[in-house]
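J.: model the structure of this input:
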Amino acid sequence: MVIGTILFIIAIVELILGLWCIFRYKNNPATFWFGFFAIGAAIYVGANALGFFKSIITSDWAEHLAWIGGTVATIFFLPFSYSFPLPRRTFKELWPWVFWPLVIFIPAFIWTELIIERQGLVQFMNGYSTATGPYFWVFLVFFIIYWLWSITNLIKWTITSDGIHRKLLMRLLTVFVVSLAASSYFDVYRPLTTPSQFGYIGSLFTSIWVGYTGYIILKK
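T.: Numbers count the residues shown, from 1 in each chain. From the prediction side, this is the model:
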């Protein structure tokens, strides 16, 4: 219950941060895209939080929401990686890479069992596992490609930048890689291989990632 409450508070803070970035800094591409990424992270963390409260939501729906949040974060971090610290693609160029996975994967998580099957799973605090649907591995390929694409962009900009921009990118890249690795292990790999009760650890790492990135771009 305590962990769930902490995660829920973090999710609310991330949601507020995301909305603030979208509406307050909508003319700044990096901040605009980061706002949607933060909202995706808020859904992901919030879903893990709700999984601890039996009376609010069933654990299988909590898992679906967590995957939806992770998908939204995955989708919007790619255009962010093209926009920080300087815009390198226009909104028109980046929008197709955002639109198609939103249209395909989000409805698949909500209304079908093509990616994640719904079944009676135990509550998050007692362990849970991912029941994959027939097209789960197609989604996982998309997931891996988008994150590797984003990492490649950030590495490229780090190499070609200098001064304060290089320092910012190096810090962002370090936090990004560590947090993504921890989140992927605790909330993707472990539930696929064995029942796990440590998904919240991935949420905590993601929150550090969101918080630190938000601090960097708003300070800049």
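J.: nearest residue to the spatially most central residue of the chain in space, please, no chain neighbours.
T.: The centroid of the chain falls nearest to Ala73 when counting by C-alpha atoms, centre = their mean (3.3 Å). Closest residue to Ala73 in three dimensions, ignoring its sequence neighbours and counting by C-beta to C-beta, 6 or more residues apart in numbering: Gly40, at 3.4 Å. Bear in mind the C-beta positions are built from the backbone N, C-alpha and C, glycine included.
J.: one step back: so the residue nearest to the centre of the chain: helix, strand or coil?
T.: When classified by DSSP: H, G, I helix; E, B strand; the rest coil, Ala73 comes out as helix.
J.: surely it meets Ala42?
T.: No: between Ala73 and Ala42 no contact is recorded; they are 9.1 Å apart, counting by C-beta atoms under 8 Å.
J.: which pLDDT does the model give Phe32?
T.: In the predicted model, Phe32 carries a pLDDT score of 93.
J.: and it, what does it touch?
T.: Remark: with contacts taken as C-beta atoms under 8 Å, 6 or more residues apart in numbering, Phe32 is in contact with 21-22, 25-26, 83.
J.: and for Leu17?
T.: Under the criterion of C-beta under 8 Å, 6+ apart, the neighbours of Leu17 are 35, 38, 210, 214.
J.: which of those fall in helices?
T.: Within those, membership in helices is found for 35, 38, 210, 214, as judged by DSSP state H.
J.: can you pick the most crowded of those residues?
T.: Neighbour counts for these were taken using other C-beta atoms under 10 Å; the highest belongs to Ala38, which has 29 neighbours.
J.: identify the residues contacting it.
T.: For Ala38, the contacting residues are 14-15, 17-18, 21, 210, 214, by C-beta under 8 Å, 6+ apart.
J.: skipping adjacent residues, who's closest to it in space?
T.: The shortest distance from Ala38 to any residue that is not its chain neighbour, by C-beta to C-beta, 6+ apart, is 3.4 Å, and that residue is Gly18.
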